[in-house]
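Mind folding the following:
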Amino acid sequence: MMKQKQRFLLIQMMHHGDVLLTTAVADALKAAMPDCYVDMLVYKGMEDVLIDNPLISQIHTIDRAWKKQGKLFHLQKEIALLRWIQVQNYDAVLNFSNRWRAGLITKFSEAQRGLSFNWHNRHNALWRKLHTDLTEPHGMDMHTVDDNLSLLAPLGVDLKYYKPQVRMGISEASRRSLEQKLQDRGWRGEDYVLVHPGSRWFFKCWEDDKTVELLKRLFDSGCNVVLTAAPDAREHAMLEYLQSQIHIALPQKLWVLDGVLTLRELAAAIDRAKLFIGVDSVPMHIAAALDKPQVALFGPSWVSRWRPYSDRAEVVWAGDFGELPHPNSIDVNTSERYLGNIPVDAVWAAVERQMPI
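As a prediction, this is how the structure comes out:
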């Protein structure tokens, strides 16, 4: 049995979605040891998905812009971060990153235990030296969350009777700010379906004309819609096109939040929705963390690893309707979209199952 009030640091030096999914580990630790402290170390800019999470006691950040301000400045910042981590007296550091910097921080944290994965590109003595315990990653057949949770085994955390969840908190300030932006566009408290068709990687996006048809069906069925996008030129162009093709018959309404929401305001908007519809992206993971009914469209991604971690989500995979390129072959910067195999009827059937109309 582990002692109470232990201190843990979770290192996740990846993107928003990866950081959010790591909160299931914090959930598991707090369930096993309610009085423990769980901190996280992430890249600056990724902390938005953690700021309002009551599971996380403290957030440390690494600013990738440090190195642009000279070697001395960069070194000073790295040393200051290490010293601050050392004084936290962590009992264990769980490193979910395969970056050398993360391994060095794990070692120099002076924690009693330093845990990570035995990554295929880190099979060497130095990586072993930087950690006290290494666990074999499970590969692409296991969900990322379950893979992350496996790192708890050396600590004796028993998950037999508890299923940890991905968690995201939303502050009242974020809720009020979101509601004000909706009200500025004519919203008066009506319920809605939230549709977020974009992704920072466009190969994960559906065809615009099919999104138009889906939106028309939502309106024809009596639904109001909130349409959202990140502050990105390509996503802005997408929403402009969608709006140009839609003619809404009253009393149905459309509210467009195009690049005007923070990530936490987007979470508040998703939390108010009666259904979320989107693609393989951070908003999809936010919807799962908020336990919202959702329909998620997937293309050539590792579906088993990155699907929504939720029992209330339904995935529509393009691979069920035709050939897809292998996930490892994709140029993530391509403008080509790979969800074209997915028919509108399949998505609409999933919508009806998630939200009987």
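
Please, where are all the strands along the chain?
7-11, 37-43, 58-62, 92-95, 113-117, 133-135, 193-196, 225-229, 254-258, 275-279, 294-298, 313-317 (DSSP state E).

These: which one's closest to Lys210?
Nearest to Lys210 among those is strand 294-298 (9.5 Å), distances taken as Cβ to Cβ. All C-beta spots, glycine's among them, are computed from the backbone N, C-alpha and C.

Does anything pack onto the closest one? Which helices or strands?
Applying 3 or more Cβ pairs under 8 Å, 6 or more residues apart in numbering; DSSP states H and E, one finds that strand 294-298 makes contact with strand 275-279, helix 282-289, strand 313-317, helix 344-354.

mind checking how far the third one is from the chain centre?
It refers to strand 313-317. 16 Å (Cα atoms, centre = their mean, to the nearest Å).

before we move on, what about the longest one?
What separates the centre of helix 344-354 from the centre of its chain is 23 Å, taken as Cα atoms, centre = their mean.

ok, now the first one?
Distance, stretch centre to chain centre, for strand 275-279: 14 Å (Cα atoms, centre = their mean).

Next one, pLDDT for Lys3 please.
Looking at Lys3, its pLDDT is 51.

Can you list the low-confidence ranges for the chain?
Filtered on pLDDT under 70, the chain yields the residue ranges 1-4, 356-357.

Tell me which stretches of it form helices.
Remark: helices assigned in the chain by DSSP state H are 16-32, 71-86, 100-108, 125-129, 144-149, 172-183, 208-220, 233-244, 263-272, 282-289, 303-306, 344-354.

rewinding a little: for the strands of the chain, which one sits closest to Trp187?
Comparing those by their distance to Trp187 (Cβ to Cβ), the top pick is strand 254-258, with 5.3 Å.

Mind listing the strands that closest one pairs with, and their directions?
Paired strands of strand 254-258, with direction, are strand 225-229 (parallel) (DSSP bridges).

Can you show me the CA trace of the strand it pairs with as PDB?
C-alpha atoms of strand 225-229 as PDB (Å, rounded to 0.1, in the frame of the first residue of the first chain):
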ATOM      1  CA  VAL A 225     -26.100  24.600 -34.800                       C
ATOM      2  CA  VAL A 226     -23.000  26.200 -33.500                       C
ATOM      3  CA  LEU A 227     -20.200  26.100 -36.000                       C
ATOM      4  CA  THR A 228     -16.700  26.500 -34.700                       C
ATOM      5  CA  ALA A 229     -13.100  26.800 -36.100                       C
END
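
picking that back up, just send the helices and strands packed on strand 294-298 back as JSON lines, with distance to Trp187 and mean neighbour count too.
Output for the helices and strands packed on strand 294-298, formatted as JSON lines (distance: least, Cβ to Cβ, whole Å; neighbours: other Cβ atoms under 10 Å):
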{"stretch": "strand 275-279", "distance to Trp187": "17", "mean neighbour count": "27"}
{"stretch": "helix 282-289", "distance to Trp187": "19", "mean neighbour count": "27"}
{"stretch": "strand 313-317", "distance to Trp187": "25", "mean neighbour count": "20"}
{"stretch": "helix 344-354", "distance to Trp187": "21", "mean neighbour count": "17"}
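
Kindly reformat the ones you listed as TSV containing distance to Glu235.
Listed next are these as TSV, based on distance: least, Cβ to Cβ, whole Å:
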stretch	distance to Glu235
strand 275-279	11
helix 282-289	11
strand 313-317	21
helix 344-354	19
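
before we move on, the earlier item: tell me which of the helices of the chain is the most buried.
helix 282-289 (a mean of 27; mean count of other Cβ atoms under 10 Å).

if I look at Gln86, how far off is Ala111?
Per Cβ to Cβ, to the nearest Å, Gln86 is found 9 Å from Ala111.
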